[in-house]
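**Student:** how would this look folded up:
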Amino acid sequence: MLKRCGWVTDESIYISYHDEEWGVPVYTDDRYLFEMLSLEGAQAGLSWITILKRRENYREAFDHFYPEIVATYSDEKIETLLSNEGIIRNRKKVSSVINNAHRCMEVAKEFGSFHNYIWSFVDGQPIMNTWENDKEIPAYTDLSKKMSKDMKKRGFRFVGPTICYSFMQATGMVNDHTKQCFLYHGNQENKD
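**Tutor:** Down below sits the predicted model:
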């Protein structure tokens, strides 16, 4: 039986997420990066499994997280989203996705792409950590605080240091697979 990181339960959706996505560097897919930023924000105060189970509903509700589409959402669309039982119906979280779509597009103009901006925080290279177990993994780091501060300055919302660190883990900017995990230190391929 394969050994995985300690946070993985026996739920197939969690196993698939861990084995196929978490920690895999996503260098150029701005749509996916925006999706993960949005889902990490939706998770605030909740468990990740709660969001994973609603992920397909989120994709459908938010037009698969194409920032240029989400940025056009009207007040009517927001009300429709708030009545959608397939997502977390929190006005601040829903509004933050729309706001962050605008911010992603602004950053893309300045940096050439959203991914250029995001990956600049790690100089384009994943940080490969060497944790023995899950208990050693921090909730946030100085780097995620720096990212959070810069994103907030640019108008992003739901991008605190913990959300930023989870986002970095999810998109492979940080590899936090622990030493006992079969995916420790990049025994995986880039998503792009």
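
**Student:** need the contact list for the spatially closest residue to L82 that is not a sequence neighbour.
**Tutor:** Spatially, and ignoring its direct neighbours in sequence, L82 is nearest to R89 (5.1 Å; C-beta to C-beta, 6 or more residues apart in numbering). Yep, even glycine has a C-beta here, placed from its N, CA and C like the rest. Shown here is R89, whose contacts under the criterion C-beta atoms under 8 Å, 6 or more residues apart in numbering are 81-83.

**Student:** between these, which has the most around it?
**Tutor:** L81 (21 neighbours; other C-beta atoms under 10 Å).

**Student:** that one and W119, how far apart?
**Tutor:** 29 Å (C-beta to C-beta, to the nearest Å).

**Student:** ok, back up a step: A strand includes the residue nearest to L82, no?
**Tutor:** No. Secondary structure of R89 (DSSP: H, G, I helix; E, B strand; the rest coil): coil, not part of a strand.

**Student:** quick check, pLDDT for it.
**Tutor:** Listed pLDDT for R89 reads 95.

**Student:** how close does it sit to R54?
**Tutor:** Taking C-beta to C-beta as the measure, R89 and R54 are separated by 11 Å.

**Student:** same question for N133.
**Tutor:** Relative to R54, N133 is positioned 29 Å away (C-beta to C-beta).

**Student:** same check, this time on M1
**Tutor:** Counting by C-beta to C-beta, the separation of M1 from R54 is 29 Å.

**Student:** those two: which has the busier surroundings?
**Tutor:** In terms of neighbours (other C-beta under 10 Å), R54 is the more surrounded of M1 and R54; the figures are 19 against 4.
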